[in-house]
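# can you look at this prediction? I've put the sequence above it.
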Amino acid sequence: GAGVSQSPRYKVAKRGQDVALRCDPISGHVSLFWYQQALGQGPEFLTYFQNEAQLDKSGLPSDRFFAERPEGSVSTLKIQRTQQEDSAVYLCASSLVYRATGELFFGEGSRLTVL
Amino acid sequence: ILNVEQSPQSLHVQEGDSTNFTCSFPSSNFYALHWYRWETAKSPEALFVMTLNGDEKKKGRISATLNTKEGYSYLYIKGSQPEDSATYLCAPHRPVLNTGFQKLVFGTGTRLLVSP
């Protein structure tokens, strides 16, 4: 596709449910990032992939959060046993290669609401 | 923890007004500064990436300056239009680690509303 695509756009989950959020990056983009944006905050880094390798997962808030990118293209962020504090917009971004001066191309985000 | 501050948190101006907001960051351990614009229900979109002290970049009516010695960047919008309404995020980038990666850290943003 032309841009980064995320699904679902909106997800309502009951506390304790598992959710999976999908990111389809721009074709050919090696680098893929997940960010979490809570209400009133800026996006916070969760994890980074270079192709299928997860090179940094230091931002994942707990072991309930798991991300994968098995074939180096589509990525899935999975949250197990969701809690209310997991309510946020989850943003995916990709870039052709990773550079500190390179811009990130973001999707529109998946808004998760945990009741 | 990288302390990034953006001010004001929100701003409401009339169409045609010029406006500016600030991004402050630690001047030590700096490599680059990113500015993004995020319109409601859309994707964050890159505006500028700046690295050099005194750098100034411009895109249409929007421009940005960078002072790496004192740790701040200004974003200016000349003659604001309703379509400029968005949240403007800055993100300083520290030097890349020996792992070859350094995460981008975003501020909380300045929410701009431009009324017709």
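That came through, no problem.
# which residues does residue 44 contact?
Since no chain was named, I'll use chain A. By C-beta atoms under 8 Å, 6 or more residues apart in numbering or on different chains, residue A:44 lies in contact with A:35, A:36, A:37, A:38, A:59, B:106. Placement of C-beta: from N, CA and C, glycine included.
# hmm, I had chain B in mind actually
Counted by C-beta under 8 Å, 6+ apart, residue B:44 has contacts A:43, A:91, A:93, A:104, A:106, B:36, B:37, B:38, B:89.
# and the fourth one, what pLDDT?
In this prediction, residue A:104 carries a pLDDT score of 95.
# same thing with the last one?
At residue B:89, the pLDDT value in this model is 97.
# helix, strand or coil for it?
strand (DSSP: H, G, I helix; E, B strand; the rest coil).
# is it in contact with residue B:109, as I believe?
Yes - the pair residue B:89 / residue B:109 is scored as a contact, 4.6 Å apart, by C-beta atoms under 8 Å.
# between the two, which contacts overlap?
Common neighbours of residue B:89 and residue B:109 (criterion: C-beta under 8 Å, 6+ apart): A:42, B:6, B:38.
# picking up where we left off before, show me which of the contacts of residue A:44 are buried.
The neighbour-count test (16 or more other C-beta atoms under 10 Å in any protein chain shown) marks A:35, A:36, A:37, A:59, B:106 as buried among the contacts of residue A:44.
# quick one: the strands in chain B?
B:5-7, B:10-14, B:19-24, B:32-38, B:45-50, B:56-59, B:62-67, B:72-77, B:86-93, B:110-115 (DSSP state E).
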